[in-house]
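> A structural model of the following input is requested.
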Amino acid sequence: MKSTMRVLAVAASTAALLGSGLSAQAAPTANTATAGTSGTQATSAAWSCPAYRLCVWTGKNGTGTRAVFKYGDVNLADSVGPRGMNNKISSYRNRTGRNWSFHNYTNYNGTTRYAHPWTYGNVGSTMDDQASSIKRR
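Residues are numbered from 1 along each chain as shown. The predicted structure follows:
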């Protein structure tokens, strides 16, 4: 009886979540060989990010579409790595022991904003919707 009630509760929660337009999918685990990224997806929980990765979001405070990086991306506008993130990053979570840098031009050029190890937050007004490349340091 208890297990049936738990199953019904989970089913109801999942239906409510999906009905609100949020994704119930787990974070992708496959990495592309070229960019070392695992793509973009809508995420249901703010700041949700796999261990040992840098996650970025199109919205402030870990909301909106999420992209997950293992190595970085020299050009967020090209078709290699996560799509739809060029000049759209507003927040990040660094779950690595390394610094990462956001650059407002491709090839790691231009204004730079750093994400220090084990930190999260909004990228700030000078980099909001400006990043065109991301580098793991």
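> can you show me the helices along the chain?
Assigned helices in the chain, in chain order: 2-19 (criterion: DSSP state H).
> in it, what helix or strand scores lowest on average pLDDT?
helix 2-19 (a mean of 40; mean pLDDT, DSSP states H and E).
> Pro82: neighbour count?
22 (other Cβ atoms under 10 Å). Quick note: C-beta positions are derived from backbone N, CA and C, even for glycine.
> roughly how far apart are it and Thr65?
From Pro82 across to Thr65, the span is 9 Å (Cβ to Cβ, to the nearest Å).
> you'd agree Tyr105 is up against Ala131?
No. With contacts defined as Cβ atoms under 8 Å, Tyr105 does not count as touching Ala131, sitting 9.4 Å away.
> more neighbours, the two?
Between Tyr105 and Ala131, counted using other Cβ under 10 Å, Ala131 has the larger neighbour count: 27 against 14.
> wait, Tyr120 touches Thr96, no?
No. Distance between Tyr120 and Thr96: 11.7 Å, which falls outside the contact criterion (Cβ under 8 Å).
> span of stretch 86-103 from start to end?
With Cα to Cα, to the nearest Å as the measure, the first residue of stretch 86-103 is 11 Å from its last.
> what average pLDDT does it get?
Averaged across stretch 86-103, the pLDDT comes to 98.
> next one: stretch 119-126
Averaging pLDDT along stretch 119-126 yields 95.
> could we number from 23 for the rest of this?
Yep, numbering from 23; the last one is stretch 141-148 now.
> dump that stretch to PDB, restricted to CA.
Output for stretch 141-148, consisting of C-alpha atoms alone and laid out as PDB, is shown next (Å, rounded to 0.1, in the frame of the first residue of the first chain):
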ATOM      1  CA  THR A 141      31.800  29.200  -7.100                       C
ATOM      2  CA  TYR A 142      28.500  30.200  -8.700                       C
ATOM      3  CA  GLY A 143      26.600  33.400  -9.500                       C
ATOM      4  CA  ASN A 144      25.600  35.800 -12.100                       C
ATOM      5  CA  VAL A 145      28.300  36.900 -14.600                       C
ATOM      6  CA  GLY A 146      27.800  40.600 -13.900                       C
ATOM      7  CA  SER A 147      26.700  43.500 -16.000                       C
ATOM      8  CA  THR A 148      30.000  43.700 -18.000                       C
END
